[in-house]
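**Q** for reference, the sequence and a predicted model appear below.
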Amino acid sequence: MEAIQPKHEAFGGVAGRVLKGSLSVGPLVSGLVLLSGLGMLGYMFHAVDAPDVYFALVQGTIVLALSRFALNGQAGEWEGTLFSSRGGSMFDAARVALRYGTLMLVWLLPVLLLGWRPQAVTGAIASLMMGEGVNKTLALTAVFLTLTALTPPVFLIVAVGGQRFLDIFDKQHWQRTYAGRSADLFLVYSVYLGALGMVLCLSLPLVSLLAGRKELAAFIGFLFVSFAGGMSLDLLGRLCGFFASSEIDVTHETVNEPVIDPHETQPEPAPVPALRLVTSTPRPTRETALTSAPEPPVLKVLSPTGKPPLLDGRERLDELERRRETDPDGVISTLHELRESYAPHQLVLHRLCLTLYEQGNVAESLNVAREALPLCIERGAQRLAAEIYGAHIGQDFGLSRETVLLLAQDLRRHGNLKAAERAFGSILDRDRGERRAVKGMLQVAEDHLVQGDYTEAQRLFRMLIDRCGDSPLAMHMQDGLAEAERRLAKAS
């Protein structure tokens with residue numbers, strides 16, 4: 001079966017969900033911690049008259065915070081605080097911060113060497129208001145603000161996507177990162193600058209209402225600045241992390257573009273009358289992927305001639321669900337009637353497939369699954385497709401690697417860890433270097449750890465170390481194994 005064309009662009013769905021996660025309590029907590037800490041340090045450095053040192057400290061803190069959020073985003077974390085460690089330790093964040101900070105110094109050092117200092121901005125603005133015109137400090141301030149707004153996404157994506165310090169100077173790394181993704185990069189700018197601007201606009205009425213109440217205005221202002229700062233760092237960092245990640249398509253809820261691997265043999269499934277394959281230009285090789293992007297093959301699900309659509313499918317399935325425990329044979333009979341009388345419907349085929357499987361009729365359930373699985377994916381019913389795939393996890397449906405990864409992540413998120421492990425394992429059997437499958441298996445092991453199944457977590461971490469010990473994620477495997485063994489020892 002050929003891969004199925006998606007309905008939506010992957011990164012667009014990611015950006016929306018990341019934005020939603022940034023409008024939560026987590027960014028407020030992060031902002032409060034950062035603002036409080038920097039405020040106290042500012043008071044101390046003001047007392048010793050060291051503004052330049054304080055400016056460097058603020059810039060370093062922002063760089064480290066953005067790197068932390070970017071790593072967590074790259075690891076698939078949608079929301080959290082500065083203390084989340086999904087993407088690695090603070091040492092890992094410091095390594096990314098070193099790469100990112102080096103890139104930022106490319107423009108910041110010349111601005112500082114030209115004589116710009118933040119403490120001189122207030123005096124320059126006062127001079128402008130007195131009619132003295134724009135001076136050098138104001139001009140450099142404009143340059144500083146412009147580059148501060150425009151360069152962080154570009155540099156942070158390159159920094160978090162690299163594995164070595166020298167990657168930030170590697171032309172090929174830059175090309176791999178941004179080839180064909182100008183629209184996604186523009187989306188990053190639109191989302192984070194637009195969200196910050198909207199938050200500032202919404203604060204204006206509140207500021208005007210509190211104009212005469214200094215103490216309350218100071219308190220509310222502190223909370224607002226904390227939230228705005230934490231939200232902007234959280235949002236920008238995670239957007240850049242997801243952008244740099246090659247696992248976008250397996251970490252969010254929308255159906256992404258399954259891509260056919262040209263090196264894998266795609267077996268033909270059993271013919272299904274309800275499906276018609278319409279092929280377009282073959283997928284380009286890896287070498288030509290950067291210069292052209294033809295449409296992938298499209299699997300179109302067409303209604304059989306003369307069969308009307310089932311318009312009240314959900315209501316009928318709800319009624320059958322109430323009878324499933326007491327009259328399974330009657331439910332199966334009714335589902336067969338719906339299948340024969342109406343055009344293919346994902347809810348009908350999904351329920352028929354699972355009910356047959358639950359009643360022990362595995363062979364017939366598998367035949368239904370071969371028709372239901374492509375229909376569910378075509379129509380964006382990822383959850384239904386994952387349940388069907390999980391019931392017949394050992395069967396070969398001819399799915400592309402991307403589609404298997406997508407369904408495996410869905411199974412994991414909904415608690416079917418055994419099926420998720422087998423799905424990720426089927427990818428590792430063919431390519432033990434597939435980082436997305438390794439990361440997915442790590443997440444399955446971590447889920448066992450969270451649920452208190454320490455023995456199973458220990459088994460999976462050991463298996464990963466044995467099979468994928470040379471992976472860049474080996475450190476996380478070792479840490480996970482150590483934690484599982486520690487908890488096992490504590491529980492015994």
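**A** Now that the structure is in, tell me what you want to look at. Residues are numbered from 1 along each chain as shown.
**Q** and the protein, what are its domains?
**A** In terms of domains, the chain is parsed into 10-250, 267-281+292-394, 399-492 (source: automatic domain parsing).
**Q** pipe these into CSV and attach mean pLDDT and mean neighbour count per row.
**A** Where you see a C-beta, it was placed from the backbone N, CA and C, and this is true even at glycine. Output for the domains of the chain, formatted as CSV (pLDDT from 0 to 100; neighbours: other CB atoms under 10 Å):
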stretch, mean pLDDT, mean neighbour count
domain 10-250, 81, 17
domain 267-281+292-394, 78, 17
domain 399-492, 90, 19
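**Q** ramachandran coordinates for the closest residue to Leu196 other than its chain neighbours?
**A** Distances taken as CB to CB, 6 or more residues apart in numbering put Ser232 closest to Leu196, at 5.0 Å, once the chain neighbours are dropped. Main-chain dihedrals, Ser232, degrees, to the nearest 10: phi -60, psi -40.
**Q** can you name the residues that contact Ser232?
**A** Tyr192, Ala195, Leu196 (CB atoms under 8 Å, 6 or more residues apart in numbering).
**Q** not counting its neighbours along the chain, what's nearest Arg422?
**A** Ile393 (4.8 Å).
**Q** from Phe424, how far out is the one you found?
**A** Here Ile393 is placed at a distance of 11 Å from Phe424 (CB to CB, to the nearest Å).
**Q** secondary structure class for Thr326?
**A** coil (DSSP: H, G, I helix; E, B strand; the rest coil).
**Q** same check, this time on Gly80
**A** coil.
**Q** the host helix or strand of Ala159: how far from the chain's middle?
**A** Following DSSP states H and E, one finds Ala159 within helix 136-161. Mean-position distance between helix 136-161 and its chain equals 25 Å (CA atoms, centre = their mean, to the nearest Å).
**Q** could you point out the helix or strand that follows that helix?
**A** With DSSP H and E, the next secondary element past helix 136-161 is helix 171-178.
**Q** name the residues that touch that following helix?
**A** Here helix 171-178 has contacts from Ile157, Val158, Gly161, Gly162, Asp167, Leu185, Ala244, Leu290, using CB under 8 Å, 6+ apart.
**Q** contacts only, for the fourth one.
**A** Spelled out, it's Gly162. Arg99, Ile168, Asp170, His173 are the contacts of Gly162 under CB under 8 Å, 6+ apart.
**Q** wait, Leu417 touches Ala445, no?
**A** No. At 9.1 Å, Leu417 does not count as touching Ala445 under the criterion of CB atoms under 8 Å.
**Q** tell me which stretches of this protein form strands.
**A** With DSSP state E as the criterion, the chain has strands at 275-278, 298-301.
**Q** how far away is the residue lying closest to Leu349 once chain neighbours are set aside from Met441?
**A** Leaving aside its chain neighbours, Leu349 sits nearest to Ala372 (3.5 Å; criterion: CB to CB, 6+ apart). Distance, Ala372 to Met441, by CB to CB: 27 Å.
**Q** same check, this time on Cys240
**A** Counting by CB to CB, the gap from Cys240 to Met441 is 25 Å.
**Q** now swap in Ser333 and tell me
**A** Applying CB to CB, the value for Ser333 to Met441 is 41 Å.
**Q** now His350
**A** His350 is 27 Å from Met441, by CB to CB.
**Q** what of Gly313?
**A** 36 Å.
**Q** follow-up on the earlier one: I figured the residue nearest to Arg422 hits Glu421, correct?
**A** No. Ile393 is beyond contact range of Glu421, at 9.4 Å (criterion: CB under 8 Å).
**Q** show me what contacts the nearest residue to Met231 once chain neighbours are set aside?
**A** Nearest non-adjacent residue to Met231, counting by CB to CB, 6+ apart: Pro27, 4.2 Å away. Contacts for Pro27 (CB under 8 Å, 6+ apart) come out as Thr81, Phe227, Gly230, Met231, Leu233, Asp234, Leu235.
**Q** turn the residues you listed into TSV, including distance to Thr148.
**A** Shown next, in TSV, are the contacts of Pro27 (distance: CB to CB, whole Å):
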residue	distance to Thr148
Thr81	24
Phe227	20
Gly230	17
Met231	17
Leu233	13
Asp234	17
Leu235	16
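**Q** which residues touch the nearest residue to Gly229 once chain neighbours are set aside?
**A** Among residues not flanking Gly229 along the chain, Gly31 sits closest, at 4.5 Å (CB to CB, 6+ apart). Residues in contact with Gly31 (CB under 8 Å, 6+ apart) are Val225, Ser226, Phe227, Ala228, Gly229, Gly230, Met231, Leu233.
**Q** so the fifth one sits against Leu35, correct?
**A** Yes. Distance between Gly229 and Leu35: 6.1 Å, which falls inside the contact criterion (CB under 8 Å).
**Q** centre of the chain to stretch 473-482, how far?
**A** 22 Å.
**Q** one more: stretch 415-430?
**A** 20 Å.
**Q** identify the residues contacting that stretch?
**A** By CB under 8 Å, 6+ apart, stretch 415-430 touches 264, 386, 389-390, 393-394, 401, 404-405, 407-409, 411-412, 434, 436-438, 440-441, 444, 447-448, 460, 467-468.
**Q** just the CA trace of that stretch, in CSV.
**A** Extracted in CSV, the C-alpha atoms of stretch 415-430 (Å, rounded to 0.1, in the frame of the first residue of the first chain):
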residue,chain,number,x,y,z
GLY,A,415,-1.3,3.5,26.9
ASN,A,416,-0.9,0.5,24.6
LEU,A,417,2.7,0.2,25.4
LYS,A,418,3.1,-3.4,24.3
ALA,A,419,1.8,-2.6,20.8
ALA,A,420,3.9,0.6,20.7
GLU,A,421,7.0,-1.4,21.6
ARG,A,422,6.4,-3.9,18.8
ALA,A,423,5.8,-1.1,16.3
PHE,A,424,8.9,0.8,17.2
GLY,A,425,10.8,-2.6,17.3
SER,A,426,9.7,-3.4,13.7
ILE,A,427,11.5,-0.2,12.6
LEU,A,428,14.6,-1.0,14.6
ASP,A,429,14.7,-4.5,13.1
ARG,A,430,15.2,-2.9,9.7
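**Q** distance check, the residue nearest to Leu196 against Ala159.
**A** According to CB to CB, Ser232 stands 18 Å off from Ala159.
**Q** ok, His414 next?
**A** Taken as CB to CB, the span from His414 to Ala159 is 34 Å.
**Q** repeat that for Cys468.
**A** From Cys468 to Ala159 the distance is 25 Å (CB to CB).
**Q** who's in contact with Gly87?
**A** Arg68, Ala70, Leu71, Asn72, Gly73, Gln74, Ala75, Glu77, Ala93, Gly241.
**Q** nearest spatial neighbour of it, chain-adjacent residues omitted?
**A** Here the residue nearest Gly87, using CB to CB, 6+ apart, is Leu71, at 3.1 Å.
**Q** just confirm the one you found contacts Asp92, I think it does.
**A** Yes. If you go by CB under 8 Å, Leu71 and Asp92 touch, sitting 6.0 Å apart.
**Q** and Arg379, what are its phi and psi?
**A** phi -100, psi 10.
**Q** Ile220 versus that one, what's the distance?
**A** Applying CB to CB to Arg379 and Ile220 gives a distance of 47 Å.
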